[in-house]
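In: sequence first, then the predicted structure:
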Amino acid sequence: MTRMSAEQRHRVRFILNGEPVDRMCEPRVLLTDFIRHEIGATGTHVGCEHGVCGACTVEIDGWPARACLTLALQIDGCKVRTVEGLTGKQGRLGVLQSAFRRNHALQCGFCTAGILISLDILLARDPRADEAEIREVLTGHLCRCTGYAPIVKAALEAAAALRGDTNREAIDA
């Protein structure tokens, strides 16, 4: 495969996890490849490369998107958040990540980044999301290890924490 000349590369500027990015890229480069190989944010995984498995899910301007179906040039001027953007400045786990840890909601971890992004977006919009809404979001993600039960439990626990609900019965439901 031949490298494109500088004239065939285009500038893309966006915000990634709160930090400005200003790079050149080829027109056909997928967002997954760009953020993993050009920027080094390897938390976003490449699974099926068809938008089916959800492993590559990132947040673009507040909405979940499949990075394997998005060209890097399409995000010019956007705010993008990957799983690396879920932790605070001190590197501490967020509410949802902590709930995943406590509930053993991951095993191999391959699908986890995409699931965390999708659930984080849901809970940011609606911390009162119920089990049915959580399961609806999870229909866009394939997980071969967990059976989804601990993921749902972790998401319900995180939702309760975000609402300030410390009632253990609501969390253990």
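Out: Structure received.

In: contacts, neighbours, all on C-alpha from now
Out: OK.

In: give me the number of residues near R66?
Out: When neighbours are counted by other Cα atoms under 10 Å, R66 registers 22.

In: nearest residue to D61 other than its sequence neighbours?
Out: For D61, ignoring the flanking residues on the chain, the nearest one in space by Cα to Cα, 6 or more residues apart in numbering is K79 at 5.1 Å.

In: cool, and I35?
Out: A41 (5.5 Å).

In: list the contacts for the one you found?
Out: A41 sits next to I35, T82, E84 when contact means Cα atoms under 8 Å, 6 or more residues apart in numbering.

In: hang on, isn't the residue nearest to D61 packed against F14?
Out: Yes. K79 is within contact range of F14, at 6.0 Å (criterion: Cα atoms under 8 Å).

In: still on that earlier bit, quick one: which of the contacts of A41 has the most company?
Out: T82 (23 neighbours).

In: hang on, that one packs against I115?
Out: No. Judged on Cα under 8 Å, T82 makes no contact with I115 at a distance of 11.1 Å.

In: anything in contact with each of those two?
Out: Common neighbours of T82 and I115 (Cα under 8 Å, 6+ apart) are T57.

In: who's in contact with the residue nearest to D61?
Out: Applying Cα under 8 Å, 6+ apart to K79 gives the contacts F14, I15, L16, N17, G18, E59, I60, D61, G62.
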